[in-house]
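J.: Below is the sequence, then the predicted model.
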Amino acid sequence: MEIFETPDNPAPAGAIVSPVRTMDDVLLRVVRWVPEGEPVGTIALLAGRTEFIEKYFEIVGELIERGFVVVAMDWRGQGLSGRDLRDSRKGHVDDFAFYERDLEALHHQVLQFLCPRPWFAIGHSMGASILLAQARAGRSPFARLVLSAPMIDIYGLRLPRLVRALAEGLDMVGLGTAFVPGGSRTGVQERAFEGNVLTSDAARFARTANILKEHPQLGLGDPTVGWLNAAFRLMDEFADAEYPRRIFTPSLVFGAGEDRVVSVPALERFATRLKVGRLIFIPEAQHEILMERDHIRAQFWAGFDAFIPGQHLSVAALEAEAEAKRALHSRRRRFWRGEAA
């Protein structure tokens, strides 16, 4: 395995490619960078659907400058990691639990032996939702999570129950490996910048498009029916009000005010219920906050630097804030019921 550079997207120096194999025999591409001097910890960089390590070179460099060891991974079915289907343009899984096997392989084969603690993770969109599911199950090895536009639900579904039923029905009759109705092998990043739902930064959008033009094997088309059905099952779990309250890994969640990929109201409901979490909305941002214009990205990094490794948003502080919120809600309920304070 290797990594690919383009003139406008050079790789940070010192990349170490470390392929790992999962328990179900999928080969994953993992790349590691080590900063000069004593590291302050390790960041696992976990992308969204269709994405690949090269797209995050700029972010990797910014994390190295902050003194972190950085580990980036291509999820199964995308980038240069193993595919489940012959058509490499179909990023397909039957269940999102398979992605947790990727995280387990990363933990036991890379983090545990090659990366200094504390371990943190940055997850975007699909990657963020997988990190949340792992944390909810009590299996997260990370001290803290930074989540960019996590995929809690899909934006703008007019008839969500019907769409969910259609995906489940098509999957059940054996069409799980087909593209979703209307889908194609051309990915969103390979289409025109005008009207795109990812970023308002034309230069960063073009940079990713150039990578895919020179190295099309990194690209991915629209999701399969099976992937969508699996995503809906996880989203239905997220809709349970108790789900976020059972996540005990401190989490900083970033929402994009102009997001047209994931549902902003669903994200807000979920994040405000986290026991040890905080939500930051960036009003002008589209879905890919880290691929946005500089002044938008600066807001992300300000929040990140306060949280990781961070003393300002400690676990104790977050728990105290959560307890204060519960006490305030309780007083309000007693007030409206006419009970004494």
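T.: The structure has been received and is ready for your questions.

J.: Tell me the helices and strands packed up against the host helix or strand of Ala128.
T.: Using DSSP states H and E, Ala128 sits in helix 126-136. Applying 3 or more CB pairs under 8 Å, 6 or more residues apart in numbering; DSSP states H and E, we find helix 126-136 packed against strand 41-46, helix 97-106, strand 119-124, strand 144-148, helix 225-238. For every residue, glycine as well, the C-beta is placed using N, CA and C.

J.: Throw those into a markdown table and include mean neighbour count, distance to Pro250 and mean pLDDT, thanks.
T.: Listed next are the helices and strands packed on helix 126-136 as a markdown table, based on neighbours: other CB atoms under 10 Å; distance: least, CB to CB, whole Å; pLDDT from 0 to 100:
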| stretch | mean neighbour count | distance to Pro250 | mean pLDDT |
| --- | --- | --- | --- |
| strand 41-46 | 24 | 14 | 98 |
| helix 97-106 | 20 | 18 | 98 |
| strand 119-124 | 26 | 10 | 98 |
| strand 144-148 | 26 | 5 | 98 |
| helix 225-238 | 21 | 18 | 97 |
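
J.: Could you check the angle the helix holding Ala128 makes with strand 144-148?
T.: Counting by axes from the mean of the first three to the mean of the last three CA atoms, to 10 degrees, helix 126-136 lies at 150 degrees to strand 144-148.

J.: Tell me how far helix 126-136 lies from the chain's centre.
T.: For helix 126-136, the distance from its own C-alpha centre to the chain's C-alpha centre is 8 Å (CA atoms, centre = their mean, to the nearest Å).

J.: and the angle for that helix with strand 119-124?
T.: Using the same axes, to 10 degrees: helix 126-136 against strand 119-124 is 130 degrees.

J.: I'd like to check what contacts helix 126-136. Which residues are they?
T.: Residues from elsewhere that reach helix 126-136 (CB atoms under 8 Å, 6 or more residues apart in numbering): 46-49, 51, 75, 96, 99-100, 103, 121, 123, 140, 142, 145, 147-152, 231, 234, 237-238, 243-244, 246-249, 251.

J.: Tell me which of the helices and strands packed on helix 126-136 sits nearest to Lys213.
T.: Smallest distance to Lys213 across the helices and strands packed on helix 126-136 (CB to CB): 22.2 Å, for strand 119-124.

J.: Remind me what the closest one packs against, helices and strands.
T.: strand 41-46, helix 126-136, strand 144-148.

J.: Serialize the helices and strands packed on helix 126-136 to a markdown table and add fields for distance to Val20.
T.: Below are the helices and strands packed on helix 126-136 laid out as a markdown table (distance: least, CB to CB, whole Å):
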| stretch | distance to Val20 |
| --- | --- |
| strand 41-46 | 12 |
| helix 97-106 | 5 |
| strand 119-124 | 16 |
| strand 144-148 | 21 |
| helix 225-238 | 22 |
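
J.: nearest to Lys275, of these?
T.: Lys275 lies closest to strand 144-148 among these, at 13.0 Å (CB to CB).

J.: now the closest one against strand 41-46, angle please.
T.: Using the same axes, to 10 degrees: strand 144-148 against strand 41-46 is 40 degrees.

J.: so how far is strand 144-148 from its chain's centroid?
T.: Taking mean C-alpha positions (CA atoms, centre = their mean), strand 144-148 and its chain are 8 Å apart.

J.: now could you export just the CA positions of it as CSV?
T.: Extracted in CSV, the C-alpha atoms of strand 144-148 (Å, rounded to 0.1, in the frame of the first residue of the first chain):
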residue,chain,number,x,y,z
ARG,A,144,-12.0,12.1,24.2
LEU,A,145,-13.9,12.4,20.9
VAL,A,146,-14.2,15.4,18.6
LEU,A,147,-17.1,14.9,16.2
SER,A,148,-17.6,16.9,13.0
